[in-house]
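Enquirer: need a structure here:
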Amino acid sequence: MTDEDASEKTHDVSEEDDLADAVLSSVEDAIHAVENDEQPDEIVVEKPVKKPSNIIPEIDDVEDPEEMVNILLTVGEERSRRDDIKGALAAFNKAIALDPSCDMAWFNRGVLLEAQQDARGARQSFQICLDLNEKHAPATANMAILLERIGDLEGAYSMAQKALVFFPGHPALVELSQRSKDSGLSVPMEVMEPSIEVKQDFDMEAVQAIAEKAGIENPEDLLQEAVHHDHDDDDQLSIQELESAADVIVAQQEIVKEVVPEPVATPIVPEPVQEEPEENIEVFVEQATEMLKSGDAKGALSLLKPHLKTIGARHPGAWRIAGGAMARMELDNHAIAAMTHSQNLEPSHAPGWFNLGSVQQRSNLLNDAMASYRRALEADPTYLKAAEKLNTLSKDNGFIETFLESSRTLLSMEPSHPIRDEFVDMLIQLAVGENEVLDQVTGLPPTLPAGPEMAREALTHMSEEPSAHRALALSLNLQHGDAVLVWKSMIQKDSQNGSNWRGLARALEQAGDLETAQKCHAKANGLDGIVEQPTMVAAPTPAPAPAPAPAPAPAPAPSEASPLMESNYSAPAIEMTPVQTAPEVVQQPTAANELLLTPREPQMIAQPSEYTQQVDLAKAALDATTAAAQNIPQNTTSNAISNQDVAWFNQGVQLIDDGKYREALSCFDKALPNFAGDDAMIIRILNNRGNAYYFLEEYPKCVESYHQAMLIRPTEVRGETLYNMGTAYAEMERYNDAVKCFQQAIPRGLDVAATKRAKDQIRRCNILQKAVEKKRRKR
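Expert: Numbering: from 1, shown residues only. The predicted structure follows:
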């Protein structure tokens, strides 16, 4: 390359850097907006602003209120079928505001609120529906199921009996009746706490003013209803949204007044009433606790039961002891209902969650039990018994992720906990299994391998003493050199163990030292008494397969290399150095920082002699095998490959420069079959194919091409390749995979500037992933 060409290339790179800086500046503004929680949706995907859910154009030209209500019911049901919960709820709320006596609007509202885990609101809506129409069969059945879920077993039994009139013999209702019969447990509406937390921002003065104007006594009631009226999903309750919520509450109050008329006052003759001593629920709970400890579960329940509907209705301890007594009496369904109500009253009581989980586990409600144990750990992160229960339950029933999660929790409490060895074994088994599966996978894997991370975590819990387990973990973590050292240390202690020699052989194979690995296999076979059958080897004959391609010209200095690709914003780092056709050029040794293994001293490679027919093919094959085993870049020249093959590659590189990416792909596809056996050249072609696909915005094919290149020499993957692969993942909005690529790229030869950009990309992708998750939760 002439000085003029170099100057022109440097100038081009400078212009690219200026453009990247300009784009980066605008990106920083967008990132700043996301970090400050301002309009995250615009950063993830630029889409038109979503229309507020309370906008219903179908009723714009309708004047008759009755017709309008019917249209709103139809619109609500249609939106519900499309999983537009907010839109459907807005339609039913409008119908209620127009006609508070519309039982179907109240029923549909109850169904939607129950789906959103608002048990109190759903119960209220179903009850109003039944007050308006006591023969509403679906509302009766739904109410029965809801009441059982919240622990009101008496109410659930009563409703189930009514529902069976509409649905005779329905198995779910029959089973519910059997579970709830003779429980004596009820949960009045008045003692139910709000089920939904108010997360939106609001002006309390505005809430109070609107409540007072609408005649709502408790502003908190208005606030709880307003949670479902955030029509524009901006996490702020506007005046219009608060007024919309007030309309629904006013409708509720009107129905209650109509359904429950004021009693007619009758003259009452005063009678002398003997004052009874005030009952203290705390005393009853204390007495029942002592009775339960002494084994009198029936007596404890009998003592508390008369007070659970009165002074004990909102007392979590009373319900907790009653639930414990029922559990002792093996009335598990009733016990679960009582304990659930107790925990709803006092969610921070960790032992209560633990006891509830134990009863659920005994009833084979495994998912519910695990959820309760998790709640116990949330209430008390140091609750060892809950962590052990969760760990044992998940291990015995094959819940792998929960087992790993609970094992980490246990080890954070007690680093030497007995579960440590099982946890390490599980991590290693998963890593080995993934490795075996990936060996059979062709093309683009479903995600980046997690095996190395699991092996790395296992190593943190392992002893430093040399062991086969530790050596395997090191190999799975791609620390092949360290694995070799561990096996050597074990051989020094026990050199007559064939397993140690065989383990060393496998580690050497993964490290690339095939010749030494073969000797270790032979040693292991000798120790184990395995005799290798000799095989006749035919004299080698010249094969018609093409020889390695002429090596490319020396790559430009790092300061002149093409800039790495910024996620979503700039081009990938591409190897644009064309391959020279002259056979005399010798490739420079690969830089040590491009290798994953411990770098070896580069060997001096002599210039090739003139071509002659006097070639020792056996010696040439041995030399090639030895060099490959040492991971030394080959400096080969050959007259066996036509200049046309090299020209296809060079032409493809030039076409990328010219922006003709489809034509470049065609050239690379023609060049690829001609370099069979030349791994280095195939890697270069595949990487350039990936770059071409990137510019064509065909990101899945781009990632697949990079991945195919990585599979050829996985221990020599360069940081630039991983960086580019991460950028393609980011374009596909697979931000977690992109972060993994950028993280793995940093220690694999990136310079200081590229490392800084990779860290910036990690930060950006993490922010974008959070924005995506936040948007998904809102849906």
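Enquirer: Just confirm Ser101 is within a strand.
Expert: No - Ser101 sits outside any strand when classified using DSSP: H, G, I helix; E, B strand; the rest coil, being coil.
Enquirer: Quick check: it vs Leu72, distance?
Expert: 14 Å (CB to CB, to the nearest Å). (C-beta placed from N, C-alpha, C; glycine too.)
Enquirer: ok, these two, which is more surrounded?
Expert: Set side by side, Ser101 and Leu72 show more neighbours around Leu72, with 26 against 16, by other CB atoms under 10 Å.
Enquirer: Which residue, neighbours along the chain excluded, lies closest to that one?
Expert: Nearest residue to Leu72, sequence neighbours excluded (CB to CB, 6 or more residues apart in numbering): Ala95, at 4.0 Å.
Enquirer: What of Arg314?
Expert: Nearest residue to Arg314 in three dimensions, chain neighbours excluded: Val191, at 4.8 Å (CB to CB, 6+ apart).
Enquirer: In contact with that neighbour, which residues are there?
Expert: By CB atoms under 8 Å, 6 or more residues apart in numbering, the contact list for Val191 reads 313-314, 345.
Enquirer: cool, Val69 as well?
Expert: Contact analysis of Val69 by CB under 8 Å, 6+ apart lists 95, 98-99, 102, 105.
Enquirer: likewise Val250?
Expert: 214-216.
Enquirer: isn't Gln124 right next to Ala251, touching?
Expert: No - Gln124 is beyond contact range of Ala251, at 11.7 Å (criterion: CB atoms under 8 Å).
Enquirer: Just list the residues touching the residue nearest to Ser348 when sequence neighbours are not counted, thanks.
Expert: Leaving aside its sequence neighbours, Ser348 sits nearest to Ala379 (CB to CB, 6+ apart; 5.1 Å). The contact partners of Ala379, taken as CB under 8 Å, 6+ apart, are 347-350, 353.
Enquirer: Among those, name the buried ones.
Expert: Buried members of those, scored by 16 or more other CB atoms under 10 Å, are 349-350, 353.
Enquirer: from the residues you listed, which ones fall inside helices?
Expert: Of the buried ones among the contacts of Ala379, the ones assigned to helices by DSSP state H are 350, 353.
Enquirer: For the buried ones among the contacts of Ala379, could you give me TSV that also reports distance to Ser363?
Expert: Below are the buried ones among the contacts of Ala379 laid out as TSV (distance: CB to CB, whole Å):
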residue	distance to Ser363
His349	21
Ala350	21
Trp353	16
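Enquirer: which is the next helix or strand following the helix or strand encompassing Lys94?
Expert: For Lys94, the host element (DSSP states H and E) is helix 85-98. Proceeding C-terminally, helix 85-98 gives way to helix 103-115 as the next helix or strand, assigned by DSSP H and E.
Enquirer: So what touches that next one?
Expert: When contacts are defined by CB under 8 Å, 6+ apart, helix 103-115 is touched by residues 69, 72-73, 76-77, 80, 85, 88-89, 92-93, 95-96, 99, 121-126, 128-129, 132-133, 136, 138-139, 142, 146, 228.
Enquirer: immediately after that helix, which helix or strand?
Expert: helix 119-132.
Enquirer: Would you mind identifying the next helix or strand past that following helix?
Expert: Following helix 119-132 in sequence order, the next helix or strand is helix 137-150 (DSSP H and E).
Enquirer: and the angle from that next one to helix 103-115?
Expert: 30 degrees (axes from the mean of the first three to the mean of the last three CA atoms, to 10 degrees).
Enquirer: Run the chain-centre distance for helix 137-150.
Expert: 34 Å (CA atoms, centre = their mean, to the nearest Å).
Enquirer: Just the element for Asp182, please.
Expert: Using DSSP H and E, Asp182 sits within no helix or strand.
Enquirer: Quick one: residues contacting it.
Expert: Neighbours of Asp182 in contact, by CB under 8 Å, 6+ apart: none.
Enquirer: what about it, distance to His334?
Expert: 9 Å.
Enquirer: same deal with Glu193?
Expert: 21 Å.
Enquirer: so where is this protein shaky, pLDDT-wise?
Expert: Applying pLDDT under 70 to the chain flags residues 1-51, 53-54, 195, 256-279, 434-449, 529-645, 778-779.
Enquirer: Quick check: can you list the domain ranges of it?
Expert: 57-259, 284-422, 423-527, 558-595+641-778 (automatic domain parsing).
Enquirer: Give me the more crowded residue out of Glu193 and His334.
Expert: Ranked by neighbour count (other CB under 10 Å), Glu193 and His334 place His334 first, with 24 against 10.
Enquirer: Please name the residues that touch the more buried one.
Expert: Applying CB under 8 Å, 6+ apart, the residues contacting His334 are 153, 183, 185, 323, 326.
Enquirer: Tabulate the residues you listed (TSV), appending secondary structure, neighbour count and distance to Val285.
Expert: Shown next, in TSV, are these (DSSP: H, G, I helix; E, B strand; the rest coil; neighbours: other CB atoms under 10 Å; distance: CB to CB, whole Å):
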residue	secondary structure	neighbour count	distance to Val285
Leu153	helix	26	20
Ser183	coil	22	20
Leu185	coil	24	16
Gly323	helix	28	12
Met326	helix	26	15
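Enquirer: Closest one of the residues you listed to Ile428?
Expert: Ile428 lies nearest to Gly323 out of the contacts of His334, by CB to CB, at 42.0 Å.
Enquirer: wait, isn't that closest one in contact with Gln343?
Expert: No - if you go by CB under 8 Å, Gly323 and Gln343 don't touch, sitting 9.4 Å apart.
Enquirer: Now list whatever residues contact both of these two.
Expert: Counting by CB under 8 Å, 6+ apart, the common neighbours of Gly323 and Gln343 are Leu356.
Enquirer: coming back round to it: among the contacts of Val69, who's most crowded?
Expert: Ala105 (28 neighbours).
Enquirer: How many residues are close by the nearest residue to Met329 once chain neighbours are set aside?
Expert: Nearest residue to Met329, sequence neighbours excluded (CB to CB, 6+ apart): Ala297, at 5.2 Å. If you count neighbours by other CB under 10 Å, Ala297 ends up with 21.
Enquirer: so Asn333 makes contact with Lys181?
Expert: No - Asn333 lies out of contact with Lys181 (CB under 8 Å); the separation is 9.9 Å.
Enquirer: More neighbours: the two, which one.
Expert: Comparing Asn333 with Lys181 by other CB under 10 Å, the one with more neighbours is Asn333, at 19 against 15.
Enquirer: how about the more buried one, what does it touch?
Expert: Residues counted as contacts of Asn333 (CB under 8 Å, 6+ apart) are 153, 179-180, 363.
Enquirer: change it to 6 Å
Expert: Arg179 (CB atoms under 6 Å, 6 or more residues apart in numbering).
Enquirer: ok and whichever helix or strand it is part of relative to helix 119-132, angle-wise?
Expert: Using DSSP H and E, Asn333 maps to helix 332-345. Here helix 332-345 runs at an angle of 110 degrees relative to helix 119-132 (the same axes, to 10 degrees).
Enquirer: Now do stretch 383-390: distance to the chain's middle.
Expert: The chain centre lies 24 Å from the centre of stretch 383-390; the measure is CA atoms, centre = their mean.
Enquirer: just checking, what packs against the strand or helix carrying Gly299?
Expert: Following DSSP H and E, one finds Gly299 within helix 297-304. Judged by 3 or more CB pairs under 6 Å, 6 or more residues apart in numbering; DSSP states H and E, the packing partners of helix 297-304 are helix 281-293, helix 316-328.
Enquirer: Could you list every helix and strand in contact with the last one?
Expert: Counting contacts by 3+ CB pairs under 6 Å, 6+ apart, the secondary-structure elements packed against helix 316-328 are helix 281-293, helix 297-304, helix 332-345.
Enquirer: could you dump those helices to TSV with distance to Glu515?
Expert: Below are these laid out as TSV (distance: least, CB to CB, whole Å):
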stretch	distance to Glu515
helix 281-293	74
helix 297-304	75
helix 332-345	66
